[in-house]
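Participant: show me the folded form of this:
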Amino acid sequence: MMLPVQRFTDFIELHHLFSPSEPVLAAVSGGRDSVLLVHLLKQAGYTFGISHCNFQLRGAESDNEQQFTEELAKQLGVPFYTTNFDTQAYAAQKHISIQMAARDLRYQWFDEIRAGFGYSKIAVAHHQNDSVETILLNLSRGTGIAGMHGILPLNGNIARPLLFLTRDEIDTIVTAENLRYVEDSSNASVKYARNKLRHEVIPKLKELNPQLEQTFKKNMERFRELELLLEDTLARIRKELLTEAIGGIYINIAGIKKLIPQRLLLFGLLSPYGFNQTSVDDVIASFHKHSGRTFESAGYRLILDRGQLIISKRKTEVTGPVLIYEHTHEVVFGDHKLTLIPDDSAMIVKGNPMAFSADADKLTYPLTLRHWHEGDTFYPLGMKGKKKLSDYFISEKIPLNQKADIPVLVNGNGDVIWIGGMRPDERYKVATHTKKVIIFELYKTNL
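Facilitator: Down below sits the predicted model:
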């Protein structure tokens, strides 16, 4: 048997993994899969280098693999890159499993070598059986359509040119070509979920269907097509229902209610913002309840407000009240900056909601710049009556997610002087008898 060079290059060309002129960084463990990968790259005439990670998890065995891959690189006459990781310490520091730690460490390092030495792609030796195992793992843990397409031939800078081969085919080729490799003893252990599938579950499934890999290959192609169809549908729905504006992303609830299937499509709209299926179910259940329901993901907040879902980024820090003393000239409050300009003339600022002229003699220091509180009231400029800030926000149709960001200027006696950027209080306006004025000017600092 000869190396399947033609099938190899055909697969690379079919999936546009990399061109013959692009240098490739091959990730090599020393096992039979990665050894076959580099021999195929060599025979096909590609320019490549070999990279190897020593995770220091199996003592002398790990060191032997490192030495073997270095000798393999010398034999093939290609550049060699290697590094050692304290994988256990990293896993403990990040509170993740050893397997996840090794994955994070190697892919981060591979990409540093790729970028630093001018390689276009990182070639890894996943094959069809790896893809089958991935699907079964996803199914056992719960997955959407994306988890059903298995391992993709190309994902960003990661290329997988051996996905056209099964494990049995690789074993046959490596044996026939008498290719030297090293065996990772941990591959035989069934304490890892993937190995348990490989050694115990898949053999039972192959008793039912000896052509299991081929069947899964066809299923993966169908699910990938369904995924592309779903992505196309979601792109159209985003254009119809999503609006980006100041304060976040707005999604029309009436439009969501017309979606079929609603749960699947709403999950597709919300999952990019970190909301899981449970959150989506809770959002749908809240459609017939009062506005104001709030949901949070790791990085975003979602609010139901007057027929809309409003998605905005969560702030990692809560801005506390800021005290303003008599001789203060400038303060910063969250994304805002407030300047104070004393003026002996009774100047009135008109036509600029971001500025307000106040009667200085009516101010009691220290003033406070803070967020609005439930129960806050003021006398809106031009009106005689008192109004709750919450009612004022409703009358001005201020979305719930924006209310929390509006700075409120409060006098030392507790009176609200100004809803920053919106409306001042009637009691503190400049009048004919005013002797001294202070002009407050508000600026957004994150524009």
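Participant: other residues contacting the lowest-mean-pLDDT helix or strand in the chain?
Facilitator: Taking mean pLDDT, DSSP states H and E as the measure, the helix or strand of the chain with the lowest value is helix 400-403, at a mean of 74. The contact list for helix 400-403, computed with CB atoms under 8 Å, 6 or more residues apart in numbering, reads 246-248, 291-292, 294, 301, 303, 305, 310, 312, 372, 393. Every C-beta, even on glycine, is put in place using the N, C-alpha and C of the backbone.
Participant: show me which of the residues you listed are buried.
Facilitator: 247, 248, 301, 303, 305, 310, 312, 372, 393 (16 or more other CB atoms under 10 Å).
Participant: quick one: least confident of these?
Facilitator: The member of those with the lowest pLDDT is residue 247, at 71.
Participant: could you pull out the helices for the stretch 201-350 of the chain?
Facilitator: Along the stretch 201-350 of the chain, counting by DSSP state H, counting those that start in this stretch, helices occupy 202-208, 212-241, 253-257, 262-270, 277-285.
Participant: need those helices in TSV (columns: mean pLDDT, mean neighbour count and distance to residue 74).
Facilitator: What follows is these, written out as TSV (pLDDT from 0 to 100; neighbours: other CB atoms under 10 Å; distance: least, CB to CB, whole Å):
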stretch	mean pLDDT	mean neighbour count	distance to residue 74
helix 202-208	94	11	36
helix 212-241	94	14	35
helix 253-257	94	14	61
helix 262-270	94	19	50
helix 277-285	90	15	51
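Participant: nearest to residue 398, out of those helices?
Facilitator: Comparison of the helices of the stretch 201-350 of the chain against residue 398 by CB to CB identifies helix 253-257 as nearest, at 18.1 Å.
Participant: counting by contacts, list what that closest one packs against.
Facilitator: helix 212-241, helix 262-270, strand 308-313 (3 or more CB pairs under 8 Å, 6 or more residues apart in numbering; DSSP states H and E).
Participant: now those as TSV including distance to residue 19?
Facilitator: Output for those, formatted as TSV (distance: least, CB to CB, whole Å):
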stretch	distance to residue 19
helix 212-241	23
helix 262-270	34
strand 308-313	39
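Participant: returning to that earlier point: export the least confident helix or strand of the chain as PDB, just CAs?
Facilitator: Only the C-alpha atoms of helix 400-403 are listed here, as PDB (Å, rounded to 0.1, in the frame of the first residue of the first chain):
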ATOM      1  CA  LEU A 400     -35.400  50.300  31.200                       C
ATOM      2  CA  ASN A 401     -31.800  49.600  30.300                       C
ATOM      3  CA  GLN A 402     -31.000  53.300  29.800                       C
ATOM      4  CA  LYS A 403     -32.600  54.500  33.100                       C
END
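Participant: residue 272 and residue 423: what is the separation?
Facilitator: Using CB to CB, to the nearest Å, we find residue 272 at a distance of 36 Å from residue 423.
Participant: of those two, who's got more company?
Facilitator: Between residue 272 and residue 423, counted using other CB atoms under 10 Å, the more crowded position is residue 423 (20 against 11).
Participant: in this structure that one contacts residue 380, no?
Facilitator: Yes - Residue 423 is within contact range of residue 380, at 5.4 Å (criterion: CB atoms under 8 Å).
Participant: ok, and for stretch 128-147, which residues are buried?
Facilitator: So, applying 16+ other CB under 10 Å, buried residues of stretch 128-147: 128, 129, 130, 131, 132, 133, 134, 135, 136, 138, 145, 147.
Participant: actually stretch 30-38, not the one I wrote
Facilitator: So stretch 30-38, judged by 16+ other CB under 10 Å, has buried residues 30, 31, 32, 33, 34, 35, 36, 37, 38.
Participant: now stretch 62-70
Facilitator: 62, 65, 66, 68, 69, 70.
Participant: how about JSON lines for the residues you listed, with pLDDT and secondary structure added?
Facilitator: Below are these laid out as JSON lines (pLDDT from 0 to 100; DSSP: H, G, I helix; E, B strand; the rest coil):
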{"residue": "62", "pLDDT": "93", "secondary structure": "helix"}
{"residue": "65", "pLDDT": "96", "secondary structure": "helix"}
{"residue": "66", "pLDDT": "96", "secondary structure": "helix"}
{"residue": "68", "pLDDT": "97", "secondary structure": "helix"}
{"residue": "69", "pLDDT": "98", "secondary structure": "helix"}
{"residue": "70", "pLDDT": "97", "secondary structure": "helix"}
